[in-house]
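1. fold the following, please.
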Amino acid sequence: MPYDLWIPLGGTLTLLGLIASWIVWRRRGAAPGMRLAAWALLPLAAALIGVLGLIWTLGTTLVGFFTRLVFSPLVWIGVALAGVAILLWLLSGVLRARGVGTRTPAKATTTGDTAPITGESSRPVAGGTPAPTSRTGAADDDLGDIEEILKRRGIS
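-> Now for the predicted structure:
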């Protein structure tokens, strides 16, 4: 629609809104009437600014998009391909987290240059040299696994 046709439309909507706000003002008071008058001025302001044309263009574009989306088989093929792509992406993330299908082994056997990863930890003794301590029990094994992961990541 041309720009010149939006101003009469906005003016008409504003006039109807101002009449309604006058009726509300008389029946319910000044505050509700003024609130409705404020809303009534917006269509004319939008027409003068050019927003009504923008809203019309946006609306017709969205209606055209969704109409094509519903009725076009090619669009449905595109939606299906997008769904397959998302499904493959999620599945690859699950497989990657489990270490399946990767070329590098999931567990490294050494950290750094020479120290093998074991379930043992070292505590410094009075002489300053670390003495290995062995652990027993399920809780100690879990802590050893956590230490192993931290060492692999370079966190000590």
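
2. make it CA atoms for all contacts and neighbour counts henceforth
-> OK.

3. those strands in the protein, which residues are they?
-> 110-111, 115-116, 121-124, 130-133 (DSSP state E).

4. ok, now how distant is the closest residue to residue 41 other than its chain neighbours from residue 53?
-> Leaving aside its chain neighbours, residue 41 sits nearest to residue 14 (5.3 Å; criterion: C-alpha to C-alpha, 6 or more residues apart in numbering). As judged by C-alpha to C-alpha, to the nearest Å, residue 14 and residue 53 stand 16 Å apart.

5. these two: which is more packed in?
-> It is residue 14, of residue 14 and residue 53, that has more neighbours when counted by other C-alpha atoms under 10 Å, with 21 against 18.

6. I'd assumed residue 42 was in contact with the more buried one.
-> Yes - contact criterion C-alpha atoms under 8 Å: residue 14 and residue 42 qualify, at 7.2 Å.

7. how many neighbours does residue 47 have?
-> Using other C-alpha under 10 Å: residue 47 sits among 21 other residues.

8. distance check, it against residue 35.
-> Taken as C-alpha to C-alpha, the span from residue 47 to residue 35 is 20 Å.

9. also residue 9?
-> Residue 9 is 21 Å from residue 35, by C-alpha to C-alpha.

10. do residue 102 as well
-> In terms of C-alpha to C-alpha, residue 102 sits 64 Å off from residue 35.

11. one more: residue 65?
-> 36 Å.

12. do residue 98 as well
-> 60 Å.
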